[in-house]
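**Q** Pasting a predicted model and its sequence here:
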Amino acid sequence: MSTTLIKGGTVVSATGRVLADVLVDGESIVAVLAPGSTSLGHDLAATVDRVIDATGKYVIPGGVDAHTHMQLPFGGTSASDTFETGTKAAAWGGTTSIIDFAVQRTGEKVQDGLAEWHGLANGECFVDYGFHQIIGGADADALAYLPRLVDEGVTSFKMFMAYPGVFHSDDAQILKAMQVSADTGLMTMMHAENGPVIDVIAEQLVAQGKTDPYYHGIARVWQAEEEATHRAIMLGNITGAPLYVVHVSAKQALAQIATARDGGQNVFAETCPQYLYMSLEEHLGATSEEWGAFEGAKYVCSTPVRSREEQHQDAMWNGLRTNDLQMVSTDHCPFCMKDQKELGLGDFRAIPNGIGSVEHRMDLLYQGVVTGEITLERWVELTSTTPARMFGMYGRKGVIQPGADADIVVYDPNGHTSIGVGKTHHMNMDHSAWEGFEVDGHVDVVLSRGTVLVEDGEFHGKKGHGSFLKRGLSQYLI
Ligand code: DUC
Ligand code: ZN
Ligand code: ZN
Ligand code: ZN
């Protein structure tokens, strides 16, 4: 087994920072030592197989992205990143664990959907991966199977209040699933948007000739997010189910979450980088020489990026500071413009929903440290420690301590990252929604279970290194 010493860096955790050397043996961290520690009088650096110099740099636990959709079938096509390309891009950006969504379609058995996703990911991944289970049809069989997900290490399921006719569940189905969630400790994850209402507004807009991507953001009104968030919270309140609201973007939805949390209910929530940085006006409303007003299709995702005039972005940063929002995931769901987003030329409803971000989450949030939105420790907490705790992996993931997996990122605060195609782009997309974003920091070295994946701008990882993470119940629940 090979040994590595990460020497001279500042080890950052959710609770503090300290100058320390980190000793890795095989796949695990075995010691966090005072700088320059010796072993029986010998220089430790001389006794290990590899030394990584982290002087002047941060040493942080590898990123945990708890919301990705590799190969998701959606809108008549599939998300363009496979588990192979998507987990490689994740590694490039310092994310060493993902939790993807296995899909049960309406009428399908949950166990069949889960088995299919195991088949897609097994042997393909560069970093470790777990699954949440999408319940696309909460019929009697599906509800009966849910408790068995605990033994499968898939300790959370997602339902949709949006997308009638595709993934949508009605209140009765959600209530019944939440009863199982309350009984078992499985986390209920919710896409909280009132889909039937949005679909009527969208249909009326298209009938008026308002077909550009911009109207995707007009149709998906914040009221539909606030209302659904409130309803999900109330259903959680009735049943006692723990609730995790995904991709929050409306400040009014966030206010509902804050009220529920203040009242003592087990309600948790994430936002995504696009809701911190992008807007209806600048992005969905963008035009370009190449695409005209269809440029906005690059930023079509649900929930939508929202009006900057209404200050939703500021509210999200605020929520991250105050812990009304506990973590940041990407909802990575990439589609190319060519042949994929293009399906919605002339009708925004047919644009596959999603943005690719798995590669850039660590950098994009670090920029929030640079601009003073969050502290360095909060960065680690939001991107690694809390996601690991929220979804039952903490101890192994999300922390640098003896016994933890050696998933480690050496981050250079004096480095720089220019995001964009031909620069840092490894996702399987023909464009980047993050083109032109500049970050005053740099992912220098990435280790996954002791193996160096990225160093000196070179990729050393191997497909199949990433293995399935059998997760426990959320460590936020008593
Ligand atoms: N939102 C997206 O943007 N893409 C996939 C599914 C979803 O809910
Ligand atoms: Zn969703
Ligand atoms: Zn999603
Ligand atoms: Zn560098």
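**A** In hand now; what should we look at? Ligands and ions are numbered 1, 2, ... in the order given.
**Q** so Leu365 is in which element?
**A** helix 361-370 (DSSP states H and E).
**Q** let me fix that: Ala260
**A** helix 251-262.
**Q** for the next helix or strand after that helix, which positions count as buried?
**A** Per DSSP H and E, the first helix or strand lying C-terminal to helix 251-262 is strand 267-271. Judged by neighbour count using 16 or more other C-beta atoms under 10 Å, the buried positions of strand 267-271 are 267-271. Glycine gets a C-beta too; all of them are placed from N, C-alpha and C.
**Q** okay, now the domains of the protein?
**A** 3-60+399-459, 62-390 (automatic domain parsing).
**Q** Which of the three states applies to Trp379?
**A** helix (DSSP: H, G, I helix; E, B strand; the rest coil).
**Q** count of neighbours near the residue lying closest to it once chain neighbours are set aside?
**A** Leaving out its chain neighbours, the residue that sits closest to Trp379 by C-beta to C-beta, 6 or more residues apart in numbering is Val369, at 5.1 Å. Look at Val369: counted by other C-beta atoms under 10 Å, it has 19 neighbours.
**Q** so who does Val369 touch?
**A** Applying C-beta atoms under 8 Å, 6 or more residues apart in numbering to Val369 gives the contacts 375-376, 378-379, 441.
**Q** Now do the contacts for His442.
**A** Here His442 is in contact with 363, 411-412, 415-417 (criterion: C-beta under 8 Å, 6+ apart).
**Q** Let's see that with 6 Å instead.
**A** When contacts are counted by C-beta atoms under 6 Å, 6 or more residues apart in numbering, His442 is found next to 412, 415, 417.
**Q** same thing with Gly94?
**A** Counted by C-beta under 6 Å, 6+ apart, Gly94 has contacts 63, 362, 409, 443, 446.
**Q** Closest one to Asp170 out of those, please.
**A** Gly63 (35.6 Å; C-beta to C-beta).
**Q** From ligand 1, how far out is that closest one?
**A** Applying C-beta to the nearest ligand atom, to the nearest Å, the value for Gly63 to ligand 1 is 20 Å.
**Q** rewinding a little: most surrounded residue in the contacts of Val369?
**A** Neighbour-wise, the contacts of Val369 (other C-beta under 10 Å) top out at Trp379, 25 neighbours.
**Q** for the protein, longest helix please?
**A** Across the chain, the helix with the greatest residue count (assigned by DSSP state H) is helix 222-239.
**Q** quick one: average confidence on the very next helix or strand once past it?
**A** Toward the C-terminus, helix 222-239 is succeeded by strand 243-245 as the next helix or strand (DSSP H and E). Across strand 243-245, the average pLDDT comes to 99.
**Q** Same check on stretch 95-109?
**A** 97.
**Q** before we move on, back to that, out of the contacts of Gly94, who's the most crowded?
**A** Busiest of those [other C-beta under 10 Å] is Gly63, holding 32 neighbours.
**Q** pLDDT wise, what is Met187 at?
**A** 98.
**Q** Glu84 now?
**A** For Glu84, the model assigns a pLDDT of 98.
**Q** In PDB, could you pull the C-alpha coordinates for stretch 377-391?
**A** Taking Å, rounded to 0.1, in the frame of the first residue of the first chain, the C-alpha atoms of stretch 377-391 are listed here in PDB:
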ATOM      1  CA  GLU A 377     -14.900  27.200   6.500                       C
ATOM      2  CA  ARG A 378     -18.400  27.700   5.300                       C
ATOM      3  CA  TRP A 379     -17.200  26.900   1.700                       C
ATOM      4  CA  VAL A 380     -16.000  23.500   2.900                       C
ATOM      5  CA  GLU A 381     -19.200  23.000   4.900                       C
ATOM      6  CA  LEU A 382     -21.500  23.800   2.000                       C
ATOM      7  CA  THR A 383     -19.700  21.800  -0.600                       C
ATOM      8  CA  SER A 384     -18.400  18.800   1.300                       C
ATOM      9  CA  THR A 385     -19.100  18.300   5.000                       C
ATOM     10  CA  THR A 386     -22.900  19.000   5.000                       C
ATOM     11  CA  PRO A 387     -23.600  17.000   1.900                       C
ATOM     12  CA  ALA A 388     -21.800  14.100   3.400                       C
ATOM     13  CA  ARG A 389     -23.700  14.400   6.700                       C
ATOM     14  CA  MET A 390     -27.100  15.100   5.000                       C
ATOM     15  CA  PHE A 391     -26.900  11.900   3.000                       C
END
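**Q** How about residues contacting that stretch?
**A** So stretch 377-391 is contacted by 12, 14, 60-61, 63-64, 66, 99, 326-328, 362, 365-366, 369, 394, 397-398, 471, 474-476 (C-beta under 6 Å, 6+ apart).
**Q** need the helices for the stretch 351-478 of the chain, in chain order.
**A** Remark: helices assigned in the stretch 351-478 of the chain by DSSP state H, counting those that start in this stretch are 361-370, 376-380, 386-390.
**Q** Which residues of the stretch 1-150 of the chain lie near ligand 1?
**A** 69, 74 (C-beta under 6 Å from any ligand atom).
**Q** Apologies, that question was intended for the stretch 251-400 of the chain.
**A** 301-302, 331, 333, 353-354.
**Q** what subset of those residues is also close to ligand 4?
**A** Counting by C-beta under 5 Å from the ion, nothing from those sits close to ligand 4.
**Q** Dump those to CSV, plus distance to Ile198 and neighbour count.
**A** Shown next, in CSV, are those (distance: C-beta to C-beta, whole Å; neighbours: other C-beta atoms under 10 Å):
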residue, distance to Ile198, neighbour count
Cys301, 14, 28
Ser302, 9, 21
Asp331, 17, 28
Cys333, 18, 24
Asn353, 12, 24
Gly354, 16, 24
